[in-house]
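Engineer: The following block contains a protein sequence and its predicted model.
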Amino acid sequence: MKVLHVITGLGIGGAEQQLRLLLRQLPYEADVVTLTNPGAVARAIVRDGGRVRNLDMTGNRDLTAVPRLTRLIRRGHYDVVHTHLYRACLYGRIAARLAGVRTIVATEHSLGEARIEGRRLGPAVRGLYLASERLGTTTVAVSPTIARRLVRWGVPERRIQVVPNGIDAARFAYSIPARVSVRHQLGLPTRAFVIGAVGRLTAGKRFHVLIDALAALPDAWLVIAGGGAQEQPLRARAERLGVAARVVFAGECVQDGTTPAGHRPSLAGLLSAVDCLASPSCEEAFGLAVVEGLAAGLPVAYVTCPAIDDLPAGSAPGALRTGRTAAAFTDVLGTFQRAARTRLPVPDAVRNYCVTTTSAQLVQVYEAAVARAPRPHPAYDRAGIRVPSPAHAPTDAPTDVSTNNSAKEESR
């Protein structure tokens with residue numbers, strides 16, 4: 001089987017890093033096309049030995065992307081086209097159909113109650129989503145919460161499969177050398193209590209709540225890992241509140257378990273360096289950062305995290321659900337600060353999302369979709385959503401990232 005993954009962009013984000021992790025696990029020949037922004041994750045995929053092509057779309061309405069992507073799919077003789085993120089799902093499903101591909105799988109990574117990837121869920125967005133969804137074979141939801149939202153939207157339940165995000169928990173194991181190295185790299189005091197936060201710097205992640213909470217925690221520091229348009233407003237807010245000296249913006253951190261000298265820390269290294277993780281976002285499709293924090297042995301404060309909330313009570317004793325306000329985070333983080341700063345055991349919740357298990361589930365989705373056969377003995381979650389069980393180039397051609405992207409990325 002030959003698979004083409006189509007994704008909106010390959011800057012650092014949960015969906016993007018999840019794709020890279022799956023590529024390491026899936027037993028098929030696979031290529032990747034990014035519609036735009038062949039960033040750090042694209043380069044990481046290439047380092048892993050993969051091939052990434054940049055379609056170089058000029059904007060959301062660049063309709064020339066459809067024929068260019070159609071030609072690429074047709075020439076590649078792909079058995080499956082797998083799309084990720086809203087824009088890639090729209091363009092990728094149309095192009096795959098035009099290219100004659102019968103099996104089109106889409107993963108829904110980020111459908112919230114009111115927004116999808118920052119877009120308001122108005123009638124136009126919903127209409128486009130549902131129209132393109134009908135062109136596909138299967139829609140994969142990364143959590144039962146997302147599956148229920150899709151059903152409420154009007155996606156037929158028979159077309160939905162739940163395949164949760166996966167993590168390689170061993171990569172996030174606590175490391176004292178990484179803690180020392182990253183704290184030195186980021187200028188963090190050796191004995192300071194440090195709060196970690198991970199995610200794109202967008203309004204929806206609500207990192208301003210943590211800056212407000214920090215003002216009431218005079219001995220604590222805050223490290224925010226991520227990039228985005230909200231960085232300058234967050235810096236300005238920290239200045240106004242007098243906490244700028246205790247807020248560190250670490251930039252985008254890849255998931256690799258090493259910390260190359262002279263570069264940004266890896267996400268695994270950063271999680272070794274902090275003492276807890278905080279997630280103030282009110283809308284998450286999965287909550288990957290929370291699971292990664294638990295894998296690193298951290299106590300975690302969060303507002304919403306389907307990865308934890310969809311599991312039986314007690315699956316993640318180190319994760320505390322809290323209110324949306326700065327005062328609520330001040331209380332929980334203050335409790336973490338007063339407790340002994342020892343690492344917690346890795347909870348059952350983390351083991352539930354082992355990447356080898358989730359990749360095996362995706363294999364089953366592919367094979368069932370290709371065969372056009374009903375899935376044998378399907379399992380259902382408590383909402384009735386089916387959950388897979390684990391199995392034992394012309395001038396307008398896309399840019400090949402492995403050969404031509406590094407200089408281009410520097411110029412962006």
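Structural biologist: Thanks, I have the structure now.
Engineer: Mean confidence (pLDDT) on the helix ranked longest in the chain, please.
Structural biologist: Counting by DSSP state H, the longest helix found in the chain is helix 355-371. Taken as a whole, helix 355-371 has a mean pLDDT of 94.
Engineer: repeat for stretch 209-223
Structural biologist: Mean predicted confidence for stretch 209-223 is 97.
Engineer: Give me the buried positions along it.
Structural biologist: For stretch 209-223, burial by neighbour count (16 or more other C-beta atoms under 10 Å) applies to 209-217, 220-223. In this view, the C-beta of every residue, glycine as well, is placed from N, C-alpha and C.
Engineer: what does stretch 346-363 give?
Structural biologist: For stretch 346-363, by 16+ other C-beta under 10 Å, it's 346-347, 349-350, 352-355, 357-363.
Engineer: and if you look at stretch 142-156?
Structural biologist: Buried residues in stretch 142-156 (16+ other C-beta under 10 Å): 142, 143, 144, 145, 146, 147, 148, 149, 150, 151, 155.
Engineer: tell me the contacts of the fifth one?
Structural biologist: With contacts taken as C-beta atoms under 8 Å, 6 or more residues apart in numbering, residue 146 has the following neighbours: 108, 111, 162, 285, 286, 306.
Engineer: For it, report the pLDDT, please.
Structural biologist: Looking at residue 146, the pLDDT reads 92.
Engineer: the strands in the stretch 101-250 of the chain, which residues?
Structural biologist: Counting by DSSP state E, counting those that start in this stretch, the stretch 101-250 of the chain has strands at residues 103-108, 115-116, 119-120, 138-141, 160-162, 193-198, 220-225, 247-251.
Engineer: Switch those strands over to TSV; also include distance to residue 59.
Structural biologist: TSV is the format used below for those (distance: least, C-beta to C-beta, whole Å):
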stretch	distance to residue 59
strand 103-108	22
strand 115-116	18
strand 119-120	14
strand 138-141	26
strand 160-162	30
strand 193-198	29
strand 220-225	28
strand 247-251	26
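Engineer: among the ones you listed, which is the most enclosed?
Structural biologist: Ranked by average neighbour count under the criterion mean count of other C-beta atoms under 10 Å, the strands of the stretch 101-250 of the chain are headed by strand 103-108 at a mean of 26.
Engineer: Domain map for the chain?
Structural biologist: If you go by automatic domain parsing, the domain ranges for the chain are 2-166+354-410, 169-351.
Engineer: ok, residue 186 touching residue 274?
Structural biologist: No - applying C-beta atoms under 8 Å, one finds residue 186 not in contact with residue 274, separated by 9.9 Å.
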